[in-house]
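S.K.: predicted model and sequence follow; I will ask about them next.
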Amino acid sequence: MSALADAIARSFTAGEPERPAVSPLRALGRRRLSGLEVLAQSVATTAPAASMVVLPVTMLQTGDPAAGVLTVLGATLLIMCIAGCVVRFTRRQVAAGGLHSFAFQGLGTRAALATGVAILAKFLGSAALTLHSGAVTVTTLATLAGFDATGAGARLAVLALVAAVVLAVLVRGVRVGAIAILAVELCSLVFIIGLSVLPAPGVVVLPAPAAGATHAVLYLALATIFSLAGFESATFFGPEAKRPFVTITRTVLATPLLCGALFVVAAWAAWTGRSATLLNAWLHGTASGVPAPLVVALHVGVGCSWLASATASAHAASRLVYSMGVERLLPRRFTRVHARFRTPWPALVLIVPVIALGAGVTAVAGAGDLRHVVRAMVVFAYVLVAAASVRFLLRIGEHTPAALDTGTAAAAVGTALLAYQLVATLLDGSGAAAAVVVALLLAGPCWQRFLRRRERLDGIGAFDCAESADVLPGSGALARDAAGNVVLVRRSA
C-alpha cells in the first residue's frame, strides 16, 4: 500500500486531537494574499518612481557622473547578493518577523534582537522620511493650485491629515489599495521613464553640492542601497501569502532586480543628459521653462510613490512588532488584531503617531541626521542576515560554494560600508547621528541581557507552521515546542 493510501485510510479512524496544533501567527489570517498583492507591498516600499528622480540628482552632485553610474550599478549588485541570502531562508521558513526571524535561525538570539532593532529603526525612519516628503509634495501641489499652504500651521495640518489617511488604510489591511498603489506606481514609472530616455534639450541646473561632498560616492552608494531597501518587506507577509514559499521568494528576487534596473537606467539618463527636462521640472518647477501640467504630473507621481512607501513601511513594521509580541519580546497587547480586517491595530496605533512625530521633527530639523541613521541600520541588518545565511546553510548541511561565497562577500562589503559611513559621518560633523547609530548597534545585546534575566527568550523565532486542519487526521504526531505551543511533528514509522 502506498504512503498516500495508508494516510487516507488512517484518517478515517483517527480521532480529533484534544488540543489541535495551530500556527502562532494564525491571527493575521493565513493564505489570503496573492502574489501580485505581495509584489505591490514590496515595490511600494522601495518607492521606485520617487527614487528615479532623487537618485540622479544625488549622482550628478558627486561631480563625476560616470563614477556615479558605476556606483549605482555596484550597489544594485550588492543588494542582489543580499536578496540571494534572504531567499536561503524564505525557501525553508515563513515568518512575520522577516529578517529578525531569519537572523535567529543562523546566528542566535543576540543577532536576532540586534537585527530586529535595526530593521524596526529602518522602517520607522524610512516611513517618517517618505511621509514628510509626501506631505511636502502635497503642500507644493496645493500651492500650485492657488492655495496658500506655506505656513507652519498649514504644513502641520497637511502632515496630520496625511498620517490619518495612512492609519485608516493600514487598519483596513494590506489588500486594500494594494493593486491601486501598484497601478499608480506603474503609471508614474512610465511617465518618468519616458522623460528620462527621450532626448531632451537643455542642461540640468543643480543646486550647490551638499555638505560632505568629499564622501559623495559613499553617500550615493548608501542612497542607492536605501532606495532598494524594502524589498525584504515581502518576507513579513509570508504567513498571509497563499503560496508563501514560492511567492515570497520570487518577490524578494524580482523587486531589487526590477527596481535596480530602473535606477541604473535613471543614472544613465542623467549621465547622458536625457533627463534634463525631468530633473529641471523637479528641481526648479515652471521657473525652468517646463510646462506647468508636466510639473504637476511629476509631483503627483512622486508624491504618490512616497506616500505608498510610507504606508508599506508602516505595514512591515507592524508585522515585526506583532511577531515580537508573539515571541514575548514586547507586551502581549501587540498580538491583538482587528476582528474583521486581521490587522495588528495596537501596533499600528503606536507606529503611525511615531512616524508622524518623526516626520514633524524632520520638517523642523532637517532630514540629514535621520537619513544617516536609517542608512546605517539598513546596512547593519543586511550584514547580519548575510552572515546568518552562511551559518544557517552550514548548520543544516545544504550549502554550496556559490551560496557561501555570496553571503561572505555581502557581509564583508556591508561591514566595510558601515565602518566607512561612521567615520565619514564623524568627519562631516554629524556626531549626534553617529552616536545614535552606535547606541542602536548596542541596543540588541543590551535587550538580550534584559530579557534573559526575565527568562523571556524561549519564544523567539516564531514562524508559521502547519495546523491540524492543514493535514489529514492522524498523519502527524503532536508535540510541544520550546515555547509550549502544540505543533505537528513527523509521524514515526
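M.R.: Arrived safely, thanks for sending. Residues are numbered from 1 along each chain as shown.

S.K.: would you state the strands of this protein in chain order?
M.R.: When secondary structure is read from DSSP state E, the chain shows strands at 476-480, 486-490.

S.K.: now the protein, which segments are flagged as low pLDDT?
M.R.: Across the chain, residues meeting the criterion (pLDDT under 70) sit at 1, 3-19, 21, 177, 198-213, 468-493.

S.K.: with adjacent residues omitted, what lies nearest to the residue nearest the centre of it?
M.R.: In the chain, the residue lying closest to the centroid (Cα atoms, centre = their mean) is Gly230, at 2.5 Å. Among residues not flanking Gly230 along the chain, Thr45 sits closest, at 3.1 Å (Cβ to Cβ, 6 or more residues apart in numbering). To be clear about C-beta, it is placed using only N, CA and C from the backbone, and glycine gets the same treatment.

S.K.: run a quick neighbour tally on that neighbour.
M.R.: 31 (other Cβ atoms under 10 Å).

S.K.: mind listing what it touches?
M.R.: Contacts here follow Cβ atoms under 8 Å, 6 or more residues apart in numbering; on that basis Thr45 touches Ser126, Ala229, Gly230, Phe231, Ser233, Ser309, Ala312, Ser313, Ala316.

S.K.: let's have those residues in JSON lines, adding distance to Arg31.
M.R.: Formatted as JSON lines, the entries for the contacts of Thr45 read as follows, by distance: Cβ to Cβ, whole Å:
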{"residue": "Ser126", "distance to Arg31": "28"}
{"residue": "Ala229", "distance to Arg31": "27"}
{"residue": "Gly230", "distance to Arg31": "24"}
{"residue": "Phe231", "distance to Arg31": "22"}
{"residue": "Ser233", "distance to Arg31": "19"}
{"residue": "Ser309", "distance to Arg31": "26"}
{"residue": "Ala312", "distance to Arg31": "21"}
{"residue": "Ser313", "distance to Arg31": "24"}
{"residue": "Ala316", "distance to Arg31": "19"}
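
S.K.: and of these, the nearest to Ala96?
M.R.: Ala316 (9.8 Å; Cβ to Cβ).

S.K.: if I look at the closest residue to that closest one other than its chain neighbours, how far off is Leu33?
M.R.: In space, Ala316 comes closest to Ser233 once its chain neighbours are excluded; the distance is 4.0 Å by Cβ to Cβ, 6+ apart. Per Cβ to Cβ, to the nearest Å, Ser233 is found 13 Å from Leu33.

S.K.: show me which of these two is the more surrounded one.
M.R.: Ser233 (31 against 27).

S.K.: OK, contacts around that one?
M.R.: Ser233 makes contact with Gln41, Ser42, Thr45, Gly98, Phe123, Ala312, Ser313, His315, Ala316 under the criterion Cβ under 8 Å, 6+ apart.

S.K.: return the member of those residues nearest to Asp428.
M.R.: Of all those, the one with the least separation from Asp428 (Cβ to Cβ) is Phe123, at 25.2 Å.

S.K.: quick one: contacts for the residue lying closest to that closest one once chain neighbours are set aside?
M.R.: Nearest in space to Phe123, with sequence neighbours left out and distances taken as Cβ to Cβ, 6+ apart, is Ala317 at 4.1 Å. Listed by Cβ under 8 Å, 6+ apart, the contact partners of Ala317 are Leu120, Phe123, Leu124, Ala127, Ala347, Ile351.

S.K.: against Ala356, how distant is Ala317?
M.R.: When distance is defined by Cβ to Cβ, Ala317 is 13 Å away from Ala356.

S.K.: now swap in Leu451 and tell me
M.R.: The separation that Leu451 has from Ala356, given Cβ to Cβ, amounts to 29 Å.

S.K.: the two: which is more packed in?
M.R.: Using other Cβ under 10 Å as the criterion, Leu451 and Ala356 rank with Ala356 on top: 24 against 17.

S.K.: next up, the contacts around that one.
M.R.: Shown here is Ala356, whose contacts under the criterion Cβ under 8 Å, 6+ apart are Ala128, Leu131, Leu159, Ala160, Ala163.

S.K.: 10 Å instead, please
M.R.: Taking Cβ atoms under 10 Å, 6 or more residues apart in numbering, we find Ala356 in contact with 127-128, 131-132, 135, 156, 159-160, 162-164, 166-167, 310.

S.K.: what ranges do the helices span in the stretch 1-150 of the chain?
M.R.: Listed in chain order, the helices of the stretch 1-150 of the chain (DSSP state H, counting those that start in this stretch) span 3-11, 35-46, 48-60, 65-90, 99-107, 109-144.

S.K.: thank you kindly, that will do.
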